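Student: quick one: sequence and predicted model below, then my questions.
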Amino acid sequence: MPKFSSRQEPAAAVHRTSVVERGSFASARCTCGWKGPARRARDRARRDAQEHTAG
């Protein structure tokens, strides 16, 4: 049985982000389940991912 609920992350969770393109839009996603907003600027989607991992 896990020592944390499905809504909490383990203390040593590693955030791995990627940018997913869908048509004209790109959005950042993370292995923790976080998903950024759809952006037309892929650079902004990458920045969203960097901000997520920094915070």
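Tutor: Received the coordinates, thanks. Numbers count the residues shown, from 1 in each chain.
Student: which residues touch R29?
Tutor: 17-20, 35-36, 49 (CB atoms under 8 Å, 6 or more residues apart in numbering). In short, each C-beta sits where N, CA and C put it, glycine included.
Student: redo that, cut-off 10 Å
Tutor: Neighbouring residues of R29 by CB atoms under 10 Å, 6 or more residues apart in numbering: 16-20, 35-36, 45, 48-49, 52.
Student: with A49 instead?
Tutor: Counted by CB under 10 Å, 6+ apart, A49 has contacts 15-19, 27-30, 34, 36.
Student: ok so it is a strand residue?
Tutor: No: read with DSSP: H, G, I helix; E, B strand; the rest coil, A49 is helix and lies in no strand.
Student: out of the contacts of R29, which is most surrounded?
Tutor: Neighbour counts for the contacts of R29, by other CB atoms under 10 Å, peak at A45, which reaches 23 neighbours.
Student: where do the strands sit along the protein?
Tutor: Here the chain has its strands, by DSSP state E, at 17-22, 25-30.
Student: reformat these as a markdown table; add distance to A41 and mean pLDDT.
Tutor: As requested, the strands of the chain are exported to a markdown table (distance: least, CB to CB, whole Å; pLDDT from 0 to 100):
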| stretch | distance to A41 | mean pLDDT |
| --- | --- | --- |
| strand 17-22 | 11 | 96 |
| strand 25-30 | 8 | 97 |
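Student: put together CSV for those strands, with distance to R40 on each row.
Tutor: Output for the strands of the chain, formatted as CSV (distance: least, CB to CB, whole Å):
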stretch, distance to R40
strand 17-22, 11
strand 25-30, 6
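Student: contact partners for the nearest residue to D48 once chain neighbours are set aside?
Tutor: Nearest residue to D48, sequence neighbours excluded (CB to CB, 6 or more residues apart in numbering): G36, at 3.9 Å. G36 makes contact with 17, 19-20, 26-30, 44-49, 51-52, according to CB under 10 Å, 6+ apart.
Student: got the CA coordinates for stretch 45-55 in CSV?
Tutor: The C-alpha trace of stretch 45-55 is given here as CSV (Å, rounded to 0.1, in the frame of the first residue of the first chain):
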residue,chain,number,x,y,z
ALA,A,45,4.6,26.6,-24.0
ARG,A,46,8.3,25.7,-23.3
ARG,A,47,8.5,28.6,-20.9
ASP,A,48,5.4,27.4,-19.1
ALA,A,49,7.1,24.0,-18.6
GLN,A,50,10.3,25.7,-17.2
GLU,A,51,8.2,27.8,-14.8
HIS,A,52,6.4,24.6,-13.6
THR,A,53,9.6,22.8,-12.9
ALA,A,54,11.1,25.8,-11.1
GLY,A,55,8.2,26.3,-8.8
